[in-house]
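Following is a predicted model, sequence given first.
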Amino acid sequence: AQSVTQPDIHITVSEGASLELRCNYSYGATPYLFWYVQSPGQGLQLLLKYFSGDTLVQGIKGFEAEFKRSQSSFNLRKPSVHWSDAAEYFCAGPDAGGTSYGKLTFGQGTILTVHP
Amino acid sequence: DGGITQSPKYLFRKEGQNVTLSCEQNLNHDAMYWYRQDPGQGLRLIYYSQIVNDFQKGDIAEGYSVSREKKESFPLTVTSAQKNPTAFYLCASSIDGSGAGEQFFGPGTRLTVL
């Protein structure tokens, strides 16, 4: 079973609108979690990461994410979306196997379309 | 500048041929990974290596092989046994295999079987 899930395959927002991309996890202990962004035909770029401590994490490009244990969520937010934010976004966490350090499991990805 | 390079960017293969995808990093990272990406399926782990001269199968290793003779290099061979090799391949590295460090990704290689 996948340990990280992204419920939304495709989201469309207008430029200047706020954005929230959902990520749910299914780990018993507090996991480390990541958000990556991928432009078409490119590699993945790390937006932000959560290991422990403050549950609100700031990242690059004006993104932030909040870790909510009660909801098993790590949603990505941005107050005002720019056309250049159009891309695919991946949430990632430790592999469900638990014994293989370093392995990450990725959500299915959410494609973000931005309308002018 | 430190980073991960993958070559070539585009690769075309005839059925029945083996091809090798290159991945090089100058970040001095111990761990390296190969992923396959298909539309709507996220990233799937093919092989990973936590240290030189050691590597482990990932979730979809059948039809692929790797080597890790040098810390900075982790080439992936797509063999003729891989039934559906057309995909986007991503190489990544992390400072070590402890799990807490983020992975850094290369720009990818798009493989098309003709």
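Sure, I can see it.

Any idea what residue B:70 is bridged to?
As for beta bridges, residue B:70 partners with residue B:73 under DSSP bridges.

how far out from the middle of the chain is the lowest-mean-pLDDT helix or strand in chain A?
Within chain A, no helix or strand scores below strand A:104-106, which has a mean of 89 by mean pLDDT, DSSP states H and E. What separates the centre of strand A:104-106 from the centre of its chain is 11 Å, taken as C-alpha atoms, centre = their mean, to the nearest Å.

what stretches of the chain score poorly on pLDDT?
Looking at chain A here, since you left the chain open. A:1-2, A:96-102 (pLDDT under 70).

wrong one, I was asking about chain B
For chain B (pLDDT under 70), the answer is B:1, B:99-100.

mind listing the strands for it?
In chain B, the strands defined using DSSP state E lie at B:4-7, B:10-13, B:19-25, B:31-37, B:43-51, B:54-57, B:64-66, B:76-78, B:87-94, B:104-105, B:109-113.

Turn the ones you listed into CSV, columns for distance to residue A:49.
Quick note: C-beta positions are derived from backbone N, CA and C, even for glycine. Converted to CSV, the strands of chain B look like this (distance: least, C-beta to C-beta, whole Å):
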stretch, distance to residue A:49
strand B:4-7, 18
strand B:10-13, 31
strand B:19-25, 19
strand B:31-37, 16
strand B:43-51, 16
strand B:54-57, 23
strand B:64-66, 26
strand B:76-78, 26
strand B:87-94, 12
strand B:104-105, 12
strand B:109-113, 26
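
Contact partners for the residue nearest the centre of chain B?
Most central in chain B under C-alpha atoms, centre = their mean is residue B:34, positioned 2.8 Å from the mean C-alpha point. By C-beta atoms under 8 Å, 6 or more residues apart in numbering or on different chains, the contact set of residue B:34 is B:23, B:45-48, B:58, B:64, B:66, B:74, B:76, B:89-92.

if we go to 10 Å?
Applying C-beta atoms under 10 Å, 6 or more residues apart in numbering or on different chains, we find residue B:34 in contact with B:21, B:23, B:44-49, B:55, B:58, B:60-61, B:64, B:66, B:74-76, B:89-92, B:106.

Beta-bridge partners for it, please?
residue B:47, residue B:91.

burial of residue 89, as a residue count?
Picked chain A for this. Neighbour count for residue A:89, taken as other C-beta atoms under 10 Å in any protein chain shown: 24.

actually chain B
Look at residue B:89: counted by other C-beta under 10 Å, it has 22 neighbours.

from what I can see it touches residue B:109, true?
Yes: if you go by C-beta atoms under 10 Å, residue B:89 and residue B:109 touch, sitting 4.8 Å apart.
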